[in-house]
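A.B. asks: Generate coordinates for the sequence data below:
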Amino acid sequence: MTKKTAHRAISSIYEAFLGEELETESIKSFLARWIKRKASEIKSATEYRNHIKAFLETLGSKANEPLFGLTLKDCFGFRDLAQKKNSNGSVNKKIKTLRVAFNDAVREKLIPENPFLDVPLLKERDKQTRRAFTRQEIDALFSTCKDPEWLSMMIFALYTGLRLGDLLNLTWNNIDLTPGREAITISTGKTGRIINNPLREADLLIHVKKLAEKPHSLSAHLHPRLYAIRQRSPKGSTLSNQFYEIMVNAGIVPPKGQHTAKRNGRDGRHQISEISFHSFRHTLTTWLKANDVGLATAMDIVGHESKTISENYTHIDYKTKQNALNSLPQIDSILKAVKSL
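C.D. replies: Have a look, this model is predicted:
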């Protein structure tokens, strides 16, 4: 008996007992419909799309078969294959996305149970703690990097705490150069939180004013070349690799070596560095706390969710944040970079 024959038999029995046809949908069409709906509910569904795409590629032609044909073996097969190419943490993210997707299929009564619920998450033994840059590493980065847009991105990252994706999306609409109220305002991609921060006077404000001297429209991106690269490579791996090379040139990380051979085949995972572009965010947070800036103010500047703010409805005013940012120490290598741009 083929799967199609079995399905027709089951459909006939279902219709005979309940008086209605048994709804069927392919795995691929359901997931396409699910991600379309999910994209309208959350700020960014790019990661979810990548997880779905990877799963469908693993299934191959079976992705076009009825949804009820998905087996636990298929789910384990996907997990095991993904583990060869990704860190355990990345694999777990994929599994969690698929758990959510197929939970919705159960709610819609398209399948009786969610097979991904029986796929255990992997132990994240390879998980490493991200950390802030040291002062020496900051000096090395700003002294050796010669790319104007990357230098600009680093200055913004260090004194706003914005993530890479948010910085790439910056346009002149996000910048206010009203004298005495110079600020950057943006809705963050990850949480949708509105960040409104002063432009630090010692270096960031000087840099932004220099950028503003060139003709531009309000909709123009501040870092157009890097933004275009991100559009061509939505996963961000190209830009992550570029920044890793900047760190290599600065002498603060080793070059990426060849994958190491293991008894069960070649390991497709890269060694995870404890520092990355995201470390600028950790650095700003560390500097603010070390400079005795209040917890609520520090968290508001960086855009972290704060119980202090949410529970007490605390409003951190412009002057408080301006004083906090301007009180941070000046770094000669950054000042030199600003002058060179």
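
A.B. asks: So what's the residue count around Val338?
C.D. replies: 20 (other CB atoms under 10 Å). C-betas here are computed from N, CA, C, even on glycine.

A.B. asks: ok, now Lys109?
C.D. replies: Quick note: Lys109 (other CB under 10 Å) scores 8 neighbours.

A.B. asks: now swap in Trp34 and tell me
C.D. replies: As a measure of burial, Trp34 has 18 neighbours, counting by other CB under 10 Å.

A.B. asks: Who's the closest spatial neighbour of Pro66, skipping the chain neighbours?
C.D. replies: Thr24 (5.0 Å; CB to CB, 6 or more residues apart in numbering).

A.B. asks: Helix, strand, or coil at that neighbour?
C.D. replies: Three-state assignment for Thr24 (DSSP: H, G, I helix; E, B strand; the rest coil): coil.

A.B. asks: Let's see the pLDDT reported for it.
C.D. replies: Thr24 is assigned a pLDDT of 72 by the prediction.

A.B. asks: Quick check, it in contact with Gly69.
C.D. replies: No: look at Thr24 against Gly69 with CB atoms under 8 Å: they stay out of range, at 9.8 Å.

A.B. asks: Give me the pLDDT value at Ala9.
C.D. replies: pLDDT, Ala9: 63.

A.B. asks: what does Arg135 give?
C.D. replies: pLDDT, read off for Arg135, is 94.

A.B. asks: Can you tell me how far it is from Asn64?
C.D. replies: As judged by CB to CB, to the nearest Å, Arg135 and Asn64 stand 56 Å apart.

A.B. asks: Over to Met247?
C.D. replies: 44 Å.

A.B. asks: same check, this time on Leu164
C.D. replies: On the measure of CB to CB, Leu164 and Asn64 end up 36 Å apart.

A.B. asks: With Cys75 instead?
C.D. replies: Distance from Cys75 to Asn64, by CB to CB: 17 Å.

A.B. asks: Please identify which of the two sits among more neighbours.
C.D. replies: Each of Cys75 and Asn64 has its neighbours counted (other CB under 10 Å); Cys75 has more, 22 against 12.

A.B. asks: Tell me which other helices or strands the longest helix seen in the chain touches.
C.D. replies: Counting by DSSP state H, the longest helix found in the chain is helix 88-107. With contacts taken as 3 or more CB pairs under 8 Å, 6 or more residues apart in numbering; DSSP states H and E, helix 88-107 sits against helix 27-41, helix 46-59, helix 72-83.

A.B. asks: Tell me which of these approaches Ile331 most closely.
C.D. replies: helix 46-59 (33.7 Å; CB to CB).

A.B. asks: Identify each buried residue in that closest one, please.
C.D. replies: Buried residues in helix 46-59, defined by neighbour count with 16 or more other CB atoms under 10 Å: Tyr48, Arg49, His51, Ile52, Ala54, Phe55, Leu56, Thr58, Leu59.

A.B. asks: which ones are touching the fifth one?
C.D. replies: If I follow you right, that is Ala54. Ala54 is in contact with Phe78, Ala82, Lys94, counting by CB atoms under 8 Å, 6 or more residues apart in numbering.

A.B. asks: again with the second one
C.D. replies: Contact partners of Arg49, counting by CB under 8 Å, 6+ apart, are Ile35, Ala39.

A.B. asks: and the gap between it and Ile246?
C.D. replies: Arg49 is 28 Å from Ile246, by CB to CB.

A.B. asks: and if you look at the fifth one?
C.D. replies: Ala54 sits 28 Å away from Ile246, taking CB to CB as the criterion.

A.B. asks: cool, the last one as well?
C.D. replies: For Leu59, the distance to Ile246 (CB to CB) stands at 38 Å.

A.B. asks: now Ala337
C.D. replies: 13 Å.

A.B. asks: can you list residues touching both of these two?
C.D. replies: Cys145.

A.B. asks: want to throw the buried residues of helix 46-59 into TSV with distance to His278 and pLDDT?
C.D. replies: Output for the buried residues of helix 46-59, formatted as TSV (distance: CB to CB, whole Å; pLDDT from 0 to 100):
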residue	distance to His278	pLDDT
Tyr48	20	89
Arg49	21	90
His51	20	93
Ile52	25	94
Ala54	23	94
Phe55	26	95
Leu56	29	95
Thr58	29	94
Leu59	32	95
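
A.B. asks: just those residues now: which is nearest Asn173?
C.D. replies: Using CB to CB, the buried residues of helix 46-59 come closest to Asn173 at Arg49, 26.4 Å.

A.B. asks: do you know how far the closest one is from Asn114?
C.D. replies: 20 Å.

A.B. asks: How far away from the center of its chain is stretch 170-182?
C.D. replies: Relative to the centre of its chain, stretch 170-182 is centred 25 Å away, using CA atoms, centre = their mean, to the nearest Å.

A.B. asks: quick one, domains of this structure?
C.D. replies: Using automatic domain parsing, the domain parsing of the chain gives 23-118, 135-254+269-340.

A.B. asks: helix, strand or coil for Thr185?
C.D. replies: strand.

A.B. asks: Would you mind confirming that it is in contact with Trp172?
C.D. replies: No: the pair Thr185 and Trp172 does not pass the contact test of CB under 8 Å, sitting 11.7 Å apart.

A.B. asks: More neighbours: the two, which one.
C.D. replies: Trp172 (17 against 12).

A.B. asks: need the contact list for that one.
C.D. replies: Ala212, His216, Ser217, Leu218, Ser219, Ala220, Leu222.

A.B. asks: Sounds good, over and out.
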